Structures are given as C-alpha cells and as structure tokens.
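**Student:** predicted structure and sequence below. I'll ask about it afterward.
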Amino acid sequence: MGPLAGIRIVDLTTVVMGPYATQFLADFGAEVIKIEPLRGDLIRQIGPMKSPGMGPYFLNANRSKRSVAADLKSERGRQIVLDLCRDADALIYNIRPAAMARLGLAYEDVCEVNPAIVYAGTFGYGQDGPYAAEPAYDDLIQGGACLPYLFKLSGSEEPRYVPSAVADRVVGLTALGGILAALLCKQRTGQGQRVDVPMLESMVSFVMSDHLGGLTFEPPLDKGGYARQLARDRRPYKTKDGYVCALVYTDAHWRRFLEATGRGELMDSDPRYATFAGRMQNLDAVYSELSEIMLTRTSAEWVALFREIDVPVMWMHDFESVMEDEHLKAVGFFRRVDHPTEGRIVSMANPVRFFGTPVDYRTPAPGLGQHTVETLLELGLAHETIEDLIKHGVVGTTDAVATP
C-alpha cells in the first residue's frame, strides 16, 4: 500500500515541477487526484506519441494518479475542487498565487472548507519580494541561479542552460520534502498550513551551497566558486575509443592510480600530487595530465582497472546505453509495463525503497479525464448532474457517463 496510504492529495499542478513532486506522493501510496484543464496538461502534447495527449513526458510524470478534467474558471468547476478539498490532506498547485486567488482558490478560500488542509504552492519567487508576481520557467530560474554562468566560468564558449529541466525537478523534490514535513505536522497536531516553495530561492540554495566559497565571509575571501567543480578539464575523460567518467580524488585513489600506470613516484616526489591541498592548488595542471594518461587505453580497459584498484568510475552513457546498464537491469529500474491505450511502454521505478511499506508500480498515467465520472460519483453527484456538467463544458471525460 505504500507509506502514504490513506493520504488524499488534490493536485492542480501541470507541466514538470509539480507533477514530478506529486508522482512521488502517488508512488508512495497517496491517492492523487490530478485536476487538469479541459484541454489537458500541456506536457501531454510533447511527443513523440502513439495517441493524442499521451506523450512520454506526461507518461513519466503522472503515473499512479487519477485524472479529472474541469474548467476551474467556472463557478461549478471551482466548487468541484473545493468539494474535493473537504476531506483532502493537501492541495498542491504550481501557478502564481495571484492566479489562484483569481480562481477563488486562495489559501483562505480553501481553508473555509478544510482548515486542516496542507496548501502547498510551487512557483517562481517568494511572495515578499519584488519578483513576486513575475512568471517563471526552468530556463529563467537556471539563469537566476548562476547555472549558465557556471558553464561560462568553467570553459564553455558561451553561457548555456543545463539540457534538462533541472530547476523544475530540484524544486519539485524540495517541494516534496516540504509537503511531507507539513503532512507529518498535520498528523501530529491536526493543524494544516500554507507551504510556499519558490523556485529561485530553492535553486540559489542548491547551487550556491557549492559556490558561495569565500563570499561566505565578511569581508569576502574571494569571489566565490568551488575550484574543483569549475576546473576546465573536469569532464568525462576521452579514451582510445570513447569516454569514461572517473574521479581520482583522495590520496589513496591517487597513489593506487599512479602506481597502476607506472607513475607511483609522483606521490612522493611531486608536491602537485602528494596532498589534497597540493592537487587543489594545481587543478588545471593535474587534470590536464590525467586527461593525457586517459588517452592511452580504451574505456573498457579503464573501467576494469579502476574497479580493480577501487577508484570511482562510471560509464559515460547515452540515452540507449543507460537502458542496458548492468546495474540498472539488476535492480529492475527500467520496467516494461502494459498501458491500456499505449501498449507496452518503458517506465522507470521510483528510486526510493521502503522495506516495511514497499513502493510498487500502481497504475499507468491516466487519459485526460479518465476518472472524472467516478470521482464526481464519489462526491455524491447524481448521474444526471454529471451529464449536465459535461454538456455545459464544466468537466470533461474519456469515459462514457454511466446510466443508473
């Protein structure tokens, strides 16, 4: 059943950040009711896809959830959300708070029907600052959190974004922690609360925990930045036939590596290698020489050697080879499952393992409005009322309305 069995979540999130967080909650056993616009979550349209509205981005962020399609700008649609909130443990959204207020779903509105609810928002900026009303997307937050600058500082010709929705996903995980903490508090005290998870603050904390450096002190000791992470040759090492990722880091690592490559005397004769401090002061030279050594063998030869001498190593995978990784195969990370409309699909297991309340694949990502009718029936609405809501475009469904 999962550790969150019995918890009900009303999920108003779309795209990546919010759905990534709520998928964890669903995987952990919570009942997550995803309220989608009548046209569906935008990421349903990101292909390639077999069926309209069932793209891979959506499939991999919305499993284990129920889908209700509703027009929240209508009073009747708004009332459906409030009715769902009456016995929910949490409501989670990722639009600007001002937009929630315009919908009549601000914290105060929801608290009127359920004072004990956890009301969690993930959005661009803290509501006490001048950016409070600004829109935010992953690219913008990456820029504000110094990530493109880090690429430039570490040798890229131009600043660039990380080619992944890293801000959305980091903030999603930050939100997950905040939501779980608030749910635990609610369980202990019976009190709900508002939880704000702003993207910029979350990502600046994430990045600058590495790079605040000498700016930590007053007056500053330097201009910030962690030298090892910014070293121009800190990258996958080119080998005879490809690339490999290795980290020769501790004194013991370096001694074993240099001895294995016929250079053991350097640990005793060259101060650039002898100590951690010496290597940190000569990072460019040390990494440059290491890069030259790595060209002398194939990737497979290096992986075998590093494993033999117990130096951290990993293959540099591409999108296809990672699916064949021997470790990921052994732990069952990539799973082939049957989807009712998409056929056989590849799904990724939740990385968190609970040994008392195991997490398992529950249900595949739903079609748009797949659970609208059954959810409204559970709220006590009559079949005729549901038919009327569908007729007037208040709700949508992929299911036919059942007759009594």
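**Tutor:** Looks like it arrived, so ask away.
**Student:** what residues does stretch 94-107 touch?
**Tutor:** Stretch 94-107 has contacts (C-beta atoms under 8 Å, 6 or more residues apart in numbering) with 12-15, 17-18, 72-73, 78, 81-82, 91, 93, 119, 121-124, 127, 133, 135, 194, 196. In this view, the C-beta of every residue, glycine as well, is placed from N, C-alpha and C.
**Student:** check stretch 281-291 too.
**Tutor:** So stretch 281-291 is in contact with 227-228, 231-234, 237-238, 248, 272-273, 279, going by C-beta under 8 Å, 6+ apart.
**Student:** apply 7 Å and report the result again.
**Tutor:** With contacts defined as C-beta atoms under 7 Å, 6 or more residues apart in numbering, stretch 281-291 is touched by 227-228, 231-234, 237, 248, 272-273, 279.
**Student:** what about Glu387, which SS state?
**Tutor:** Following DSSP: H, G, I helix; E, B strand; the rest coil, the label given to Glu387 is helix.
**Student:** what does Tyr249 give?
**Tutor:** Strictly by three-state DSSP, Tyr249 counts as coil.
**Student:** now Ala300
**Tutor:** Ala300 ends up helix, using three-state DSSP.
**Student:** can you report how many residues neighbour it?
**Tutor:** As a burial measure, Ala300 scores 14 neighbours (other C-beta atoms under 10 Å).
**Student:** ditto for Glu36
**Tutor:** 26.
**Student:** check contacts around the residue found closest to Thr372 once you drop the neighbours it is linked to in the chain.
**Tutor:** Leaving aside its sequence neighbours, Thr372 sits nearest to Thr397 (C-beta to C-beta, 6 or more residues apart in numbering; 4.0 Å). Residues in contact with Thr397, defined by C-beta under 7 Å, 6+ apart, are 69, 369, 372-373, 390.
**Student:** Serialize these to TSV and add fields for secondary structure, neighbour count and distance to Asp139.
**Tutor:** Listed next are the contacts of Thr397 as TSV, based on DSSP: H, G, I helix; E, B strand; the rest coil; neighbours: other C-beta atoms under 10 Å; distance: C-beta to C-beta, whole Å:
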residue	secondary structure	neighbour count	distance to Asp139
Ala69	strand	25	28
Gly369	coil	21	30
Thr372	helix	26	33
Val373	helix	23	38
Ile390	helix	19	37
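**Student:** what's the farthest-apart pair in these?
**Tutor:** Using C-beta to C-beta, the contacts of Thr397 reach their maximum pairwise distance at Ala69 and Val373, which is 10.6 Å.
**Student:** among the contacts of stretch 94-107, which ones are buried?
**Tutor:** Among the contacts of stretch 94-107, those scoring as buried are 12-15, 17-18, 72, 78, 81-82, 91, 93, 119, 121-124, 194, 196 (criterion: 16 or more other C-beta atoms under 10 Å).
**Student:** still on that earlier bit, pull out the buried residues from the contacts of stretch 281-291.
**Tutor:** So, by 16+ other C-beta under 10 Å, the buried ones in the contacts of stretch 281-291 are 231, 233, 237, 248, 273, 279.
**Student:** pLDDT-wise, what's the bottom of these?
**Tutor:** The lowest pLDDT within the buried ones among the contacts of stretch 281-291 belongs to Asp233, with 84.
**Student:** pull the contacting residues for the residue lying closest to Lys50 once chain neighbours are set aside.
**Tutor:** Spatial nearest neighbour of Lys50, chain neighbours left out: Glu342 (5.5 Å); criterion: C-beta to C-beta, 6+ apart. By C-beta under 7 Å, 6+ apart, the contact set of Glu342 is 50-51, 54.
**Student:** now, of the residues you listed, which are buried?
**Tutor:** Buried among those (16+ other C-beta under 10 Å): Met54.
**Student:** format the contacts of Glu342 as TSV; extra columns: pLDDT.
**Tutor:** TSV is the format used below for the contacts of Glu342 (pLDDT from 0 to 100):
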residue	pLDDT
Lys50	95
Ser51	95
Met54	96
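**Student:** from the contacts of Glu342, which is closest to Pro351?
**Tutor:** Met54 (24.0 Å).
**Student:** are we agreed that that closest one is in a helix?
**Tutor:** No. Met54 is assigned coil when assessed by three-state DSSP, not a helix.
**Student:** is Pro135 in a helix, a strand, or coil?
**Tutor:** Going by three-state DSSP: Pro135 is coil.
**Student:** elements contacting the lengthiest helix in the chain?
**Tutor:** For the chain, the helix with the greatest residue count under DSSP state H is helix 166-189. Here helix 166-189 touches helix 17-27, strand 90-93, strand 118-123, helix 138-144, strand 193-198, helix 199-211, going by 3 or more C-beta pairs under 7 Å, 6 or more residues apart in numbering; DSSP states H and E.
**Student:** turn these into a markdown table, columns for distance to Gln45 and mean pLDDT.
**Tutor:** Shown next, in a markdown table, are the helices and strands packed on helix 166-189 (distance: least, C-beta to C-beta, whole Å; pLDDT from 0 to 100):
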| stretch | distance to Gln45 | mean pLDDT |
| --- | --- | --- |
| helix 17-27 | 14 | 97 |
| strand 90-93 | 21 | 98 |
| strand 118-123 | 21 | 98 |
| helix 138-144 | 17 | 98 |
| strand 193-198 | 26 | 98 |
| helix 199-211 | 23 | 98 |
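**Student:** okay, these in a markdown table with distance to Gly104 next?
**Tutor:** Listed next are the helices and strands packed on helix 166-189 as a markdown table, based on distance: least, C-beta to C-beta, whole Å:
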| stretch | distance to Gly104 |
| --- | --- |
| helix 17-27 | 20 |
| strand 90-93 | 13 |
| strand 118-123 | 14 |
| helix 138-144 | 28 |
| strand 193-198 | 16 |
| helix 199-211 | 25 |
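**Student:** ok, which of these comes nearest Leu176?
**Tutor:** Nearest to Leu176, of these and by C-beta to C-beta, is helix 17-27 at 4.6 Å.
**Student:** run through who's touching that closest one.
**Tutor:** With C-beta under 7 Å, 6+ apart as the criterion, helix 17-27 contacts 4, 9, 11, 13, 32, 61-65, 92, 94, 122, 168-169, 171-173, 175-176, 179, 350, 359.
**Student:** need the phi and psi values for Val322.
**Tutor:** phi -60, psi -30 (degrees, to the nearest 10).
**Student:** same check on Ala246?
**Tutor:** phi -140, psi 150.
**Student:** tell me the contacts of it?
**Tutor:** 237, 302, 306, 311-313.
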